[in-house]
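Asks: Provided below for reference: sequence and predicted model.
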Amino acid sequence: MLLLLASPPAWAQDDAISTPLTASPGDATRGRALVADRQRGLCLLCHPGPFPEERFQGNLAPDLAGAGSRWNEGQLRLRLVDSKRLNPDSIMPSYYRTEGLNRVGPAFRGRTVLSAQEIEDVLAYLLTLREEAPR
Ligand code: HEC
């Protein structure tokens, strides 16, 4: 028997979710709108990013500019789905975690902050952010 693996199987990667959550690809334009949305994404509460039209942006988290070159698609997907899997103390919300949430009201049980399609949309947008913020 030949036991030779050319590369580790996908499930061996625990710092990434390499499989898309939806069959239809993400839409970067919708994703950008979600990131800037103060009711849904809330990303700019903590993160600054390349949003010249947004006056108030956060400074608690890394600049989103350049995120698409610092991380690959699977790594970014995991950070959106559940960043606490990488850093249990992270203040970043888990946008698509369904298990392990106690203390949520019955109306929200089993619901996620963003839908699977919205995660893929935000991800598509983040992947366009190839350039680091000017210093
Ligand atoms: C309450 C604050 C908060 C919110 C809201 C938040 N984040 Fe984060 N995010 C963080 C912090 C802090 C980190 C740094 C790593 C850590 O502590 O988990 C981070 C890390 C990241 C990273 C990796 C950054 C890097 O380059 O190292 C990405 C990408 C990211 N967030 C995207 C988003 C997106 C997109 C949203 C909205 C859908 C969002 N975050 C909402 C706080 C936040």
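Replies: That came in fine, so what should we check first?
Asks: same question for stretch 124-132, mean pLDDT?
Replies: Here stretch 124-132 scores 97 as its mean pLDDT.
Asks: Pull out the buried residues from that stretch.
Replies: By 16 or more other CB atoms under 10 Å, the buried positions in stretch 124-132 come out as 124-127, 129. In short, each C-beta sits where N, CA and C put it, glycine included.
Asks: And for stretch 77-94?
Replies: For stretch 77-94, the neighbour count (16+ other CB under 10 Å) marks 77-83, 92-94 as buried.
Asks: Likewise for stretch 21-33?
Replies: Neighbour-count burial for stretch 21-33, with 16+ other CB under 10 Å as criterion, is recorded at 21, 26-28, 30-32.
Asks: sorry, back to before: please produce CSV containing the buried residues of stretch 124-132, extended by secondary structure.
Replies: Formatted as CSV, those follow (DSSP: H, G, I helix; E, B strand; the rest coil):
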residue, secondary structure
124, helix
125, helix
126, helix
127, coil
129, coil
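Asks: From the residues you listed, list the ones also adjacent to the ligand.
Replies: When CB under 6 Å from any ligand atom is applied, the members of the buried residues of stretch 124-132 adjacent to the ligand are residue 126.
Asks: mind checking the SS state of the residue nearest the centre of the chain?
Replies: Using CA atoms, centre = their mean, the residue of the chain that lies closest to the mean C-alpha position is residue 80, 2.3 Å off. With three-state DSSP as the basis, residue 80 sits in helix.
Asks: and what of residue 65?
Replies: Recorded secondary structure, residue 65: coil (three-state DSSP).
Asks: Enumerate every residue touching it.
Replies: Neighbour list for residue 65: 48-50, 129, 131-133 [criterion: CB atoms under 8 Å, 6 or more residues apart in numbering].
Asks: Report the secondary structure element holding the residue nearest to it when sequence neighbours are not counted.
Replies: Leaving out its chain neighbours, the residue that sits closest to residue 65 by CB to CB, 6 or more residues apart in numbering is residue 133, at 3.9 Å. Using DSSP states H and E, residue 133 sits in no helix or strand.
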